[in-house]
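Undergrad: Quick check, what structure comes out for this input:
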Amino acid sequence: MAKEIRLNAFEMNCVAHQSPGLWRHPRDRSGEYKRLPYWIELARTLERGLFDGLFLADVLGVYDVFGGDARAALTHAAQIPVNDPLLLVPAMAAATRHLGFGVTVNLSYEPPYNFARRMSTLDHLTDGRIGWNIVTGYLDSAARGAGRDKQVAHDDRYAIAEDFMAVVYKLWEGSWADDAVRADAAAGVFADPDRVRKAVHDGYHFRLDALHLSEPSPQRTPVLYQAGSSPAGRLFAARHAEGVFLSGPSKSVIAPRVAAIRANAAKLGRDPKSVLMFALATAIVGASDAEAQAKLADYGRYADLEGALTLLSGWTGVDLSKFDLNQVVQHVESDAGRSALENITRADPDRSWTVRQAAEHVAIGGIGPVFVGSPATVADRLEEWIDETDVDGFNLAFAVRPETFTEVADLLVPELQRRGRYKTAYREGTLREKLFGGAPRLKAPHVAASYRWG
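TA: Predicted structure coming up:
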């Protein structure tokens, strides 16, 4: 039986997310990112298209690697200005019934005690439709904003992340029993103190001796996403993630990463198919192939190559302003995003990339592929990627917002439904139930279940 294709919209509470320069397009509404009506309208559009979720990216710090300062990032709005993604969610949840919300939060600069309460609050306010994209960061500017000289070394960040996860699991899963809240007005008892206990943790990086401040939310632990593709990131994903976000320009890059994460999950006793894989992509859809190609050409007039190099420099930790545009990019190890540069060097054996080619590729949709054509043509490409890489779906970036998402919802989704590759209705329940069926809360052998009360 053919695998159902899943779709998330990939967005960010900023001006230029994955397509720098396209904010200048006359139909683009990126200037409305500061206003709730834009986000509410987008959420309703995505729910009309039966998207599984709105996946909200975020970054702490500024892209100051290109040229050695923040001037290029500010000039080209390269993910700055950027606002908090979590504050958008309650308004969008109130305007929808089924759409899930995956929010990116960098645990390197979050006290886990405070963070656990914020996520429980969102899980309550969304009726269990919240997910967390676990990231450890990649910008030294974020570390300096937190009072440090530079970020922790790449693999050490994942050791910190393991300690962080133990703390939040203890709070979400183990502090309150399921029957702790009695809400017994006659007896004058809201919560049974014998059914609430302190979460105690004495780790290398974090210590805790406290009650979780929130009563059990519909999912307790939010749906867990992870976006790291390095070896350390893949091991972390196999242990914790329910959904993994992968980015790469070709099937030859994505397929082995999918296989590696599934294999690691199996070694830990998890069903490898229980980890949903989402590949970054951009879909530019028109009524015909010619119309879609014309649209791509139109978008290309606004693409900003220096803005793209600003993003790519931040993702890789390599100052690409020092390179000639025709120079072939070589792999360089850094403590920023190791997989980002690997995507366009040794991980993609099918081609060599010049700096100019890398910038042109990133300028519309980021590192992922761009699928262009009629609904039938784009559906063919999505099916091809699903069948040949074993991903489960796509995090779709936008070129022009919200036009890209509107056309996916109104043109592409009906074609996928006609082929039997896309749902025709949402499941009831929480985000976890919609994605996986079954219960709203994590079960063994997922590590979170080991922290549950009783």
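Undergrad: Which helix or which strand is home to Gln158?
TA: No, residue 158 isn't Gln; it's Tyr. Using DSSP states H and E, Tyr158 falls within helix 154-174.
Undergrad: Counting neighbours, show which residues of that helix come out buried.
TA: Burial within helix 154-174, assessed by neighbour count using 16 or more other C-beta atoms under 10 Å, is assigned to 154, 157-174. All C-beta atoms are positioned from the backbone trio N, CA, C, and that covers glycine.
Undergrad: again with stretch 51-65
TA: 51-65.
Undergrad: Determine the angle, from 0 to 180 degrees, between the strand or helix carrying Arg239 and helix 154-174.
TA: If you go by DSSP H and E, Arg239 is part of helix 231-240. Taking axes from the mean of the first three to the mean of the last three C-alpha atoms, to 10 degrees, one finds helix 231-240 and helix 154-174 inclined to each other by 10 degrees.
Undergrad: avg pLDDT for helix 231-240?
TA: For helix 231-240, mean pLDDT is 89.
Undergrad: so how far is whatever helix or strand comes next after it from its chain's centroid?
TA: Downstream of helix 231-240, the next assigned helix or strand under DSSP H and E is strand 243-246. The chain centre lies 7 Å from the centre of strand 243-246; the measure is C-alpha atoms, centre = their mean, to the nearest Å.
Undergrad: residues in contact with whichever helix or strand comes after strand 243-246?
TA: Downstream of strand 243-246, the next assigned helix or strand under DSSP H and E is helix 251-267. With C-beta atoms under 8 Å, 6 or more residues apart in numbering as the test, helix 251-267 has contacts from 229, 234-235, 237-239, 241, 244, 246, 248, 271-275, 277, 279, 343, 347-350, 384-385, 388-391.
Undergrad: Just the buried subset of those residues, please.
TA: Buried among the contacts of helix 251-267 (16+ other C-beta under 10 Å): 229, 234-235, 237-239, 241, 244, 246, 248, 272, 275, 277, 279, 343, 347-348, 385, 389-391.
Undergrad: So Leu280: helix, strand or coil?
TA: strand (DSSP: H, G, I helix; E, B strand; the rest coil).
Undergrad: Show me what it is bridged to.
TA: Per DSSP bridges, the residues bridged to Leu280 are Asn395.
Undergrad: wait, what's in contact with it?
TA: Residues near Leu280 by C-beta under 8 Å, 6+ apart: 10, 18, 245-248, 365-368, 394-395, 397.
Undergrad: need those in a markdown table with distance to Ala303, can you?
TA: Output for these, formatted as a markdown table (distance: C-beta to C-beta, whole Å):
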| residue | distance to Ala303 |
| --- | --- |
| Phe10 | 18 |
| Gln18 | 11 |
| Phe245 | 23 |
| Leu246 | 24 |
| Ser247 | 18 |
| Gly248 | 20 |
| Gly365 | 10 |
| Gly366 | 12 |
| Ile367 | 15 |
| Gly368 | 15 |
| Phe394 | 21 |
| Asn395 | 20 |
| Ala397 | 13 |
